[in-house]
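# Need the 3D shape of this:
(one chain, ligands or ions: 1)
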Amino acid sequence: MRKITLPHIAEKHRKGERIAMVTAYDSTMASIVDEAGIDMILVGDSLGMVIQGHDTTIPVKLDEVIYHTSCVARGTKSALVMADLPFMSYQASRTQAMLAGGRALKEGMADAVKIEGGLEMAETVRMMTSAGIPVMAHIGLKPQSIRVMGTYKIHGKSLDDAKKLLEEAKAFEEAGAFSLLLEGVAVETATEITNSVSIPTVGISSGPGCSGQVLVIYDLLGFNPSFNPKFLKVYANGRGFIADAVKDYISEVKSGEFPSEQHSFHRK
Ligand code: KIV
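Okay, here's the model as predicted:
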């Protein structure tokens, strides 16, 4: 299994191969998705919701992302591992962003980082990239701005908004971002952005016109059937699969069927 690097991602994109990315937060899940052949693993700040049980990504701390990234990196042989810099770990200053990105690479063993933002973050991306920190820029619906937006909605529906997103995409490309994450962007706008930049776009809730796709692994696996937004395709009944196995285990423990002779050790 070869280690996927930034040039490999660029090469796949050049050849027209779509990029598949999922999130993961621990070593076991990382090794499963890695062996399945995923291109990139995002240690998303979605861990605030799916791991920590918060309602938003706002409470997630940089130390937590670094910890989970190091777990994922240890379980990954091939995929490119990306750490999602959390709210207020990079927005306060360019120096703060450089230090956060540096920690993600040095302590988290990430291959790249992701940051959310608009035109105001372009210079930050330029500085990070020239310092050796590869950056994916996240535009469109930016969950870290939920307190300003008030609600999660689709972006780039109007021509003005589409123009703004296109400007942001081009500014990030020019600043050296190695790819863009388009979240919650109207299909036509996401497709136009993808066709207007040379770097790959990875979409979530942004339609089929992107260069690749990302989903939160627990959503894809059906761990939370009550979360069923239109953009999501659920590929397994993960919750039912785990619940059935645990129910079997409970019943065998109660009945004494487990552990059997097969699972037991004897005195000499
Ligand atoms: O944190 C996250 O999981 C994300 C999604 C867009 C995949 O950023």
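
# From Leu141, how far out is whichever residue of the chain sits closest to the ligand?
Ranking the residues of the chain by distance to the ligand (C-beta to the nearest ligand atom) places Gly44 first, at 2.3 Å. C-beta here means a position set from N, CA and C on the backbone, and glycine is covered the same way. Here the distance between Gly44 and Leu141 works out to 14 Å (C-beta to C-beta, to the nearest Å).

# Pick out whichever of those two has more residues nearby.
When neighbours are counted by other C-beta atoms under 10 Å, Gly44 and Leu141 differ, and Gly44 comes out ahead with 30 against 22.

# if you average pLDDT over stretch 55-62, what comes out?
The predicted model assigns stretch 55-62 a mean pLDDT of 98.

# what does it contact?
The contact list for stretch 55-62, computed with C-beta atoms under 8 Å, 6 or more residues apart in numbering, reads 45-49, 52, 54, 85-87, 89, 100, 103, 143-144, 146-147.

# and that stretch, which residues are buried?
Neighbour-count burial for stretch 55-62 flags Thr56, Thr57, Ile58, Val60, Leu62 (criterion: 16 or more other C-beta atoms under 10 Å).

# If we ignore the residues flanking it in sequence, what's nearest the last one?
Put plainly, it is Leu62. The shortest distance from Leu62 to any residue other than its chain neighbours is 4.1 Å, reached at Ser89 (C-beta to C-beta, 6 or more residues apart in numbering).

# I figured the one you found was touching Gly101, is that so?
No - because the distance of 9.2 Å does not satisfy C-beta atoms under 8 Å, Ser89 is recorded as not touching Gly101.

# between the two, which one's more packed in?
With other C-beta under 10 Å as the criterion, Ser89 and Gly101 differ in neighbour count, and Gly101 comes out ahead with 29 against 25.

# hang on, isn't the more buried one packed against Arg94?
No - if you go by C-beta under 8 Å, Gly101 and Arg94 don't touch, sitting 10.4 Å apart.
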